[in-house]
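*Asks:* Sequence plus the predicted model coming up.
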Amino acid sequence: AYAAEEILKVLVPVVGMAAFALVVPITVALLVVLGFLILSYRQTIKAYPTAGGAYIVTKDNFGLLPAQVAGVALLTDYILTVSVSVAAGTAAIASAAPALEPWTVEISVVFLAVIAFGNLRGVKESGRLFAIPTYFFIFDMVILLGYGFYRMLFTHLPVQHVHRVGMVPFGKGAGGGLLMAAALYKVLTAFANGGAAVTGVEAISNGVPAFRVPEWKNARETLVVMGSTLGAMFLGLSILAAKTHIAPFESGTPTVISQIGKAVYGSALFGNGLYLALQAGTALILILAANTSFADFPRLASFHAGDNFMPRQLTKRGHRLVFSNGIIALAVSSTVLVIASDAKVDNLIGLYAIGVFTSFTLSQGGMAKHHITHKEDGWRMGLFINGTGAL
C-alpha cells in the first residue's frame, strides 16, 4: 500500500525524473530480499513448528540477552505497525475524501481508540472476519494491475504532470563527486524505506499452530503464496508509478496508490466506483493490520515481564482475560507516535526498518547457528539460505 510511495518520496527531491527509472530496480532488489526471507522462514517453520518467532529462535540459539534484543525489536515493530497502519489507512480515506485531509491526526487517534476499546472488551481475531477485507483488497489490486497493464500495453495510460501544487519538489539529479555520493546514499535510503514492503513475512512463523494438520507444511505453503502475492502487487504498483510518472505529495495525500487508481480508472462513473472500492479496501486492510498488533504485543510483553525484563503488571489479565495493561501501553505509545509524527507515514517508516531488520537478522542468524549445531539433512543448503538471509 505504501512501499513504492516511500521509495519515490526519498528519490524525487534528489534525482528528480530519474526516480521513475530507479523505482523498479529498487523494487526488484527488495523482491530478491523478499525471496530469501521466504526461503529462510520456510526453514524456520520446519525447525520450530510450535512457534518460530525471532524471540524463540534467538533465545534457543544465542541465549536470553540477545533474545531480549530480538523481543524489543518486535515490540517496537508492533507499536510502529499500529502507528504506520492507522496513519496510512487514514491517508487512504483522506485521498478519496480530500475535505478530511486537515483532520488526519484526529481521525487516526479515533481509529486507535476504537481498536483499543474493542480489544479491551475481548475482541478475538477471527479468520473469517479478517479474510473478507484481505480478499477484497487482493481483488481490488488484481483489477487495478490487470486493467493498468492492459491500458499500458494496448491502449493509452496517461502520464501525469510532475509539477502540481503540493507535490514533493523535483530535484535536478546528481552531478559528480559528493553529489553523486549523496544520491547513492539516498538510493540506499529509498531501499531501506521500501523494505517496509517485506514486513510481516515473519508473522506466519509466529502462528504455525493455528494451521491445519500438518501445520508446518501448510504454514510453509501459505508463506510462499503470501510472499508471491505481495511481490506481484508491489512490483506491479512500482511499474505503473514509473510509467505514469506519479509522484508523492508533501502532505501525504493523495497517496501514490490513490493516484495510480485515478490514472488507471479515469473519471467515468464506473471508474469512480472502482477507485472508491480500491481506497476502501486499502483503508480496511491497513486498519486491520493495526489490530493484529493488539493481539501480539500484549502477549510478547507478558513473556518479557515474566522473565523480569518488563514491569510485572504486563503479566496481569483483566476481567475479560486479555492483557489489559499491555493493550493500554500499546494504545498510548502508538497514539503518542501518531501525534508526534503528524500522522505521516514517511515520518515513521525509518523507525520501522530498524526494528524489522533487527529481528530478521537475529532470527536468520539464529537459524544459521541451528544448522551448524544440529547438522540435519540438507543443513548446508539451509545454512546458505539462512546465512544469506541474515546478511
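*Replies:* All right, it came through fine. Residues are numbered from 1 along each chain as shown.

*Asks:* Where do the helices of the chain begin and end?
*Replies:* 3-15, 19-47, 54-62, 64-96, 104-120, 127-154, 177-194, 203-206, 215-244, 256-265, 269-306, 324-340, 345-374, 379-390 (DSSP state H).

*Asks:* Quick one: mean pLDDT for the fourth one?
*Replies:* Think helix 64-96. The average pLDDT within helix 64-96 is 91.

*Asks:* Show me what that helix is packed up against.
*Replies:* Other elements packing on helix 64-96 under the criterion 3 or more CB pairs under 8 Å, 6 or more residues apart in numbering; DSSP states H and E are helix 54-62, helix 104-120, helix 256-265, helix 269-306, helix 324-340, helix 345-374. (Each C-beta comes from the backbone N, C-alpha and C, glycine too.)

*Asks:* what packs against the last one?
*Replies:* What it means is helix 345-374. Applying 3+ CB pairs under 8 Å, 6+ apart, we find helix 345-374 packed against helix 3-15, helix 19-47, helix 54-62, helix 64-96, helix 177-194, helix 379-390.

*Asks:* rank these by pLDDT, which is bottom?
*Replies:* Of all the helices and strands packed on helix 345-374, mean pLDDT reaches its minimum on helix 177-194 (a mean of 79).

*Asks:* separation between the closest residue to residue 237 other than its chain neighbours and residue 233?
*Replies:* Closest residue in space to residue 237, ignoring its immediate chain neighbours: residue 4 at 4.9 Å, by CB to CB, 6 or more residues apart in numbering. Counting by CB to CB, to the nearest Å, the gap from residue 4 to residue 233 is 10 Å.

*Asks:* between those two, who's got more neighbours?
*Replies:* Neighbour comparison, residue 4 and residue 233: the larger count goes to residue 4, with 30 against 21 (by other CB atoms under 10 Å).

*Asks:* most tightly surrounded among the helices and strands packed on helix 345-374?
*Replies:* Each of the helices and strands packed on helix 345-374 was assessed for mean neighbour count using mean count of other CB atoms under 10 Å. The highest is helix 3-15, with a mean of 26.

*Asks:* residues in contact with that one?
*Replies:* Contacts of helix 3-15 with the rest of the structure, by CB atoms under 8 Å, 6 or more residues apart in numbering, involve 18-19, 22-23, 26-27, 30, 168-171, 173-174, 182-183, 186-187, 189-191, 193-197, 234, 237-238, 241, 246-248, 255-257, 345-346, 349.

*Asks:* one more time with 6 Å
*Replies:* With CB atoms under 6 Å, 6 or more residues apart in numbering as the test, helix 3-15 has contacts from 19, 22-23, 26, 168-171, 173, 183, 186, 189-190, 193-194, 196-197, 234, 237-238, 241, 247-248, 256, 346, 349.

*Asks:* Would you mind measuring from residue 280 to residue 316?
*Replies:* Here residue 280 is placed at a distance of 38 Å from residue 316 (CB to CB).

*Asks:* These two: who's more crowded?
*Replies:* Neighbours per residue, other CB under 10 Å: of residue 280 and residue 316, the larger number sits with residue 280, 17 against 13.

*Asks:* dump the residue contacts of that one.
*Replies:* If you count contacts by CB under 6 Å, 6+ apart, residue 280 has none.

*Asks:* related to what we said a few turns ago, out of the helices and strands packed on helix 345-374, which gets nearest to residue 152?
*Replies:* Nearest to residue 152 among the helices and strands packed on helix 345-374 is helix 19-47 (13.0 Å), distances taken as CB to CB.

*Asks:* by how many degrees do that closest one and helix 3-15 diverge?
*Replies:* Computed with axes from the mean of the first three to the mean of the last three CA atoms, to 10 degrees, the direction of helix 19-47 lies at 140 degrees from that of helix 3-15.

*Asks:* okay, the angle between helix 19-47 and helix 256-265?
*Replies:* Computed by the same axes, to 10 degrees, the angle between helix 19-47 and helix 256-265 is 110 degrees.
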